[in-house]
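A.B. asks: Make a model of this:
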Amino acid sequence: MYRLTAKIEITGSKSWKLDKVTEVEITLDTEQLTDTCKITLPKRIKWDGAAEIPVRRGDAVKVWLGYDDDFQLAFSGYVRDVGFKTPVVLMCEDEMFKLKQLPAVKKAYKSVTIETLLKDQGISYQLNVMGEQSLGQYRVTADTVASLLGHLHENGIRSFFRYENEQPVLYCGVLFEKEDSPTQVFATGVNIISDQSLEQQQAENIRLRVKAISLMPNNKKIKVEVGDADGEHRTLHTYNKTENELKAWAEQEIKRLKRDGLKGSFTTFGAKLVDKLTAIGIKIDDEKKGVYQVKKNVIKYGTSGFRQEITLGARIAE
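C.D. replies: This is a model prediction of the structure:
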């Protein structure tokens, strides 16, 4: 029987190291700006005699989880909220917490790429911009850098942090093409606890139509629609793109969403934690089902065990 072990480090005006925790729930998601971590502390915990919990908003947090003291770094970020009830619950966010407090530099461009736009905001993190980069004419009106990223997200450009070599890297783009060799393979009867939420889909059976709208410098709009006439409708907004550029932008979104293979999620153990965008192989009943990017992972640790609920993204290899 494996023994569940955890280690939490909180750093503020003082540093605290905890080796016991009631529950941890971590959500890593490529569709959201912010990864989150919910930590439920034991009812009886000592803080060097302090009458109240000394943890404050903005304190740095690192969470390691594992079996038998074989730890993996599961989350790194900052305390957003400290609960007032017992047991105390800490709500934490990743590095996006800092960008939510970083004032945006108001600036107008006749034409700009995503990378230039972000670098002009004074972002000190390593950037990894993928896919279509040209925004055309763009004006920064957001109050914070995170709000700027949120505006880009509304127009089909996703942004999120991913930890590489335990350092935060800010990803931004439409399509995220990475390695297609699986870091590990998940198989029924081996390390998949439940595959009931997985479904098979064929790209040819997915009906999707994307409307792309480009606002030009003279305030006129160019509109392009691609995909299936009877498909589910999605709309993208961008700036100062020609009709051909706009069509390419919309077709890129179609490519991201319309694919063969499995969709949905499965549950596995916490033996080897999986980050978003990681390539993983899937085998169902001894049959290879392809290699997929991880779209989302919800990690749960507590009295009920140590589990990961992994949602599949794009199929990237056979």
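A.B. asks: before we move on, what SS does the residue lying closest to G227 once chain neighbours are set aside have?
C.D. replies: Across the structure, with C-beta to C-beta, 6 or more residues apart in numbering as the measure, the residue nearest G227 apart from its sequence neighbours is R209 (4.0 Å). All C-beta spots, glycine's among them, are computed from the backbone N, C-alpha and C. When states are read from DSSP: H, G, I helix; E, B strand; the rest coil, the local structure at R209 comes out as strand.
A.B. asks: what about R209, distance to N155?
C.D. replies: With distances defined as C-beta to C-beta, to the nearest Å, the gap from R209 to N155 amounts to 17 Å.
A.B. asks: what about the helices in the stretch 201-318 of the chain?
C.D. replies: Using DSSP state H, counting those that start in this stretch, the helices found in the stretch 201-318 of the chain span residues 243-257.
A.B. asks: ok, which stretches of it are strands?
C.D. replies: When assigned using DSSP state E, counting those that start in this stretch, the strands of the stretch 201-318 of the chain occupy the ranges 208-215, 221-227, 232-239, 261-269, 279-284, 287-302, 305-317.
A.B. asks: Mind checking these for the one nearest to K85?
C.D. replies: strand 287-302 (17.6 Å; C-beta to C-beta).
A.B. asks: Give the partner strands of the closest one in its sheet and their orientations.
C.D. replies: For strand 287-302, sheet partners with direction are given as strand 23-29 (antiparallel), strand 279-284 (antiparallel), strand 305-317 (antiparallel), following DSSP bridges.
A.B. asks: can you put those strands in a markdown table and add distance to S15, mean pLDDT and mean neighbour count?
C.D. replies: As requested, the strands paired with strand 287-302 are exported to a markdown table (distance: least, C-beta to C-beta, whole Å; pLDDT from 0 to 100; neighbours: other C-beta atoms under 10 Å):
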| stretch | distance to S15 | mean pLDDT | mean neighbour count |
| --- | --- | --- | --- |
| strand 23-29 | 19 | 98 | 20 |
| strand 279-284 | 35 | 96 | 19 |
| strand 305-317 | 26 | 93 | 19 |
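A.B. asks: Could you dump those strands into CSV with distance to R57 added?
C.D. replies: Shown next, in CSV, are these (distance: least, C-beta to C-beta, whole Å):
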stretch, distance to R57
strand 23-29, 19
strand 279-284, 35
strand 305-317, 28
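A.B. asks: which one of those lies closest to M130?
C.D. replies: Across those, M130 has its closest neighbour in strand 305-317 (12.3 Å, C-beta to C-beta).
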